[in-house]
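Student: show me the folded form of this:
(chains A and B)
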Amino acid sequence: MLAAEELVKRFHSRTGLITAVDRISISVAAGEVLAFLGPNGAGKTTTIKMVAGLIRPDAGQVMLDGVDVTGRPAQAAARLGAVLEGSRNLYWRLTCLENLIYWGTLRRLTPRAARSRALELLRLVDLEDRQHNTVQTLSRGMQQKLALCQALMHRPRLVLLDEPTLGLDFASAEAIKTTVRQLCQDGVAILLTTHQMDVAQQLADRLAIIRSGQLVLTGNTQEVLARYSRPVWRITAVEPFSASQQAAARALGWPIEQPTQKDFLVTPPENDPAAIYQLLDALRPAAIRLVERHQADLAEVFQQVVAEEEAAL
Amino acid sequence: MSSLLVAEWRRMLIDLVRYPLETVSMMVVMFAVFAAMFFGAHYLTAAPISGPSLSGVVIGYTVWTLVMNASGFMGYSIQNETQNGTLEQVMLAPWRTAQIFLVRGMMDILEMLLPVLAVLAALIALSGARFDWRPLALVPAAMTIVTSWGIGLIMAALALVFKRMAQMQLMVQFALLFVIIAPVASISGLFGQVLGVLAPLTVQVAVLHAALAAGPGASAALWWESAADMVVWFVGGLWLFRAADRLARRRGIIGHY
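Tutor: Numbering: from 1, shown residues only, chains lettered A, B, ... in the order given. Sure thing, here's the model as predicted:
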């Protein structure tokens, strides 16, 4: 659906020419969520705006459903919807319904089709009873849900979501995530940028991490998480382990840490799936509450990748 | 193009119906400023303005009000959209940016037309000015508006790149007041000739005034000059706006304020 290749963008500043984006290539297939992550100033927003056609790249090409975004902007715009961070995305003096009809008609729907689509979307995000309220009277969460509806009015094939859940309460954030999942099921491609790693981890099929304008990691979310997971097991008991149980565990001779009296972090010999049972035998008869192998989360992966890149510089 | 027209027409109607006080305030200000000018001039000269001078001032003032909107609205709209954070969404619509803002400029003139005509009727009643109404006068009036859109596109181009330009807009509006109300076309000598060629709208206003005043009307040469002037300003404005659009996208400053 989206194929951005070798994008380069440089900006003039007082200190000279700055390369904000340096030969970045990303792609998103239909029905897929790509989380595009990076620290502040890494080049995420510049890349997203190049994909949207709001910034013209110095080099490279953005193809959206086979349409060149720079060469045929109107055709590309018809395939694209966006919720941009830092923008209101909506007219505050218009009601929810008026806003959606306006944006839909601006995107070439007839007023009747725009109205019907607007009501459908308002039902989807549970804002139907607010359709006649002006945007300025809505909560931040409602405004964000409405901004998403606005981006979906013309049934775009690609949706750009820049910090879609930032500053939202739990229920509103969950509603946005549910809508994103539904869009994917309908075959819409999503390019998501966020600093909320838990949101990215829950939604993304694939990841791309950018730092100082360059891609430093790409891959399938689950594969990346597995790659960064360590062969460390956590054993947590209901009560503190006794001295004899601690001694028995250490007697196995494995690398072992004890963050609290109730927890062990151990690294059993690799390639021996049964090894963990030796430890559990040694801890008998302690009441065990939790046995789990370390599973990296996206926040850890992100921190590690960014730290590695900083060390390499 | 029809969906763009429909979208902007509906938005204009909603705004008009929901916030009527803004229209009424505009009418009151427009009438009050003219009344102050009219009675002020009367007081200063100790003689009433009458005849062709009076009709010139009334027409000039009314045209200036429309010109002020036609030339200022697009730039104001871009500044407003940038400040409110909606400009990027507007520019994601499947239209050329110039098309969108030109249609908005048209809707603004439509929105203005009825209140301005009502104020014009009040001005005529107040001043006692007399006009020879001819349908032909609509042509130079339309040419004046199209020329003003050309100026408006230049202002909008500057707003797209520089964003904050309220002071400059104010300056341009007063400069336009001078070229429209003052009889620039009749200033003799080199200064008058240079001003007549360089200043926008002077020819259109002269043709409009001739079309409304009793007499033979404007010469064919003046009509042609007016049409050529309109094309130059409009096409020039369009060209500059598109160049500013490309520059803003190249510099990545569309959403900046």
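
Student: what helix or strand does residue B:39 sit in?
Tutor: In the assignment (DSSP states H and E), residue B:39 maps to helix B:20-45.

Student: what packs against that helix?
Tutor: When contacts are defined as 3 or more CB pairs under 8 Å, 6 or more residues apart in numbering or on different chains; DSSP states H and E, helix B:20-45 packs onto helix B:51-84, helix B:97-127. All C-beta spots, glycine's among them, are computed from the backbone N, C-alpha and C.

Student: could you find the closest non-adjacent residue to residue 99?
Tutor: Answering for chain A, as no chain was given. Leaving aside its chain neighbours, residue A:99 sits nearest to residue A:90 (5.1 Å; criterion: CB to CB, 6 or more residues apart in numbering or on different chains).

Student: my question was about chain B
Tutor: residue B:4 (6.6 Å).

Student: if I pick the one you found, what's in contact with it?
Tutor: A:106, B:93, B:95, B:99-100, B:103 (CB atoms under 8 Å, 6 or more residues apart in numbering or on different chains).

Student: how is the residue nearest to residue A:99 assigned, secondary-structure-wise?
Tutor: coil (DSSP: H, G, I helix; E, B strand; the rest coil).

Student: for residue A:130, what are its contacts?
Tutor: By CB under 8 Å, 6+ apart, the neighbours of residue A:130 are A:96, A:122, A:138, A:142.

Student: apart from its neighbours in sequence, what residue is nearest the residue nearest to the spatial centre of chain A?
Tutor: Geometric centre of chain A, nearest residue: residue A:200, 2.7 Å, by CA atoms, centre = their mean. Closest residue to residue A:200 apart from its sequence neighbours, by CB to CB, 6+ apart: residue A:35 at 3.9 Å.

Student: and residue A:17, by the same measure?
Tutor: Nearest to residue A:17 is residue A:10, by CB to CB, 6+ apart, at 5.2 Å.

Student: gap between that neighbour and residue A:44?
Tutor: 16 Å (CB to CB, to the nearest Å).

Student: just residue A:175 next, same as before
Tutor: 24 Å.

Student: repeat that for residue B:195.
Tutor: 52 Å.

Student: who has more neighbours out of the two?
Tutor: Neighbour totals were compared for residue B:195 and residue A:44, and residue A:44 leads with 24 against 17 (other CB atoms under 10 Å in any protein chain shown).

Student: quick check: which ranges of the stretch 101-250 of chain B have low pLDDT?
Tutor: Applying pLDDT under 70 to the stretch 101-250 of chain B flags residues B:131-133, B:181-187, B:196-197, B:213-216.

Student: give the closest residue to residue A:250 in space, chain neighbours not counted.
Tutor: Using CB to CB, 6+ apart, the nearest residue to residue A:250 is residue A:256, at 6.0 Å.

Student: ok, residue A:12 next?
Tutor: Nearest non-adjacent residue to residue A:12 (CB to CB, 6+ apart): residue A:18, at 7.7 Å.

Student: correct me, but the one you found touches residue A:8?
Tutor: No. The pair residue A:18 / residue A:8 is not scored as a contact, 11.9 Å apart, by CB atoms under 8 Å.

Student: more neighbours: the two, which one.
Tutor: More crowded of residue A:18 and residue A:8, by other CB under 10 Å: residue A:8, with 16 against 11.

Student: can you tell me the SS state at that one?
Tutor: Quick answer, by three-state DSSP: residue A:8 is strand.

Student: and what of the one 4 residues further on?
Tutor: With three-state DSSP as the basis, residue A:12 sits in strand.

Student: one more: the one 5 residues further on?
Tutor: Following three-state DSSP, residue A:17 is assigned to strand.

Student: same deal with the one 4 residues further on?
Tutor: Per three-state DSSP, the local secondary structure of residue A:21 is strand.

Student: how about the contacts made by the residue nearest to residue B:103 when sequence neighbours are not counted?
Tutor: Spatial nearest neighbour of residue B:103, excluding adjacent residues (CB to CB, 6+ apart): residue B:8 at 5.0 Å. Neighbour list for residue B:8: B:100, B:103-104, B:106-107 [criterion: CB under 8 Å, 6+ apart].

Student: do the same with residue A:301
Tutor: A:207, A:217, A:224-225, A:228.

Student: out of those, which is nearest to residue B:210?
Tutor: Distance to residue B:210 across these (CB to CB) is lowest for residue A:207, with 70.9 Å.

Student: what are the bridge partners for the closest one, then?
Tutor: Taking DSSP bridges as the rule, residue A:207 bridges to residue A:35, residue A:219.
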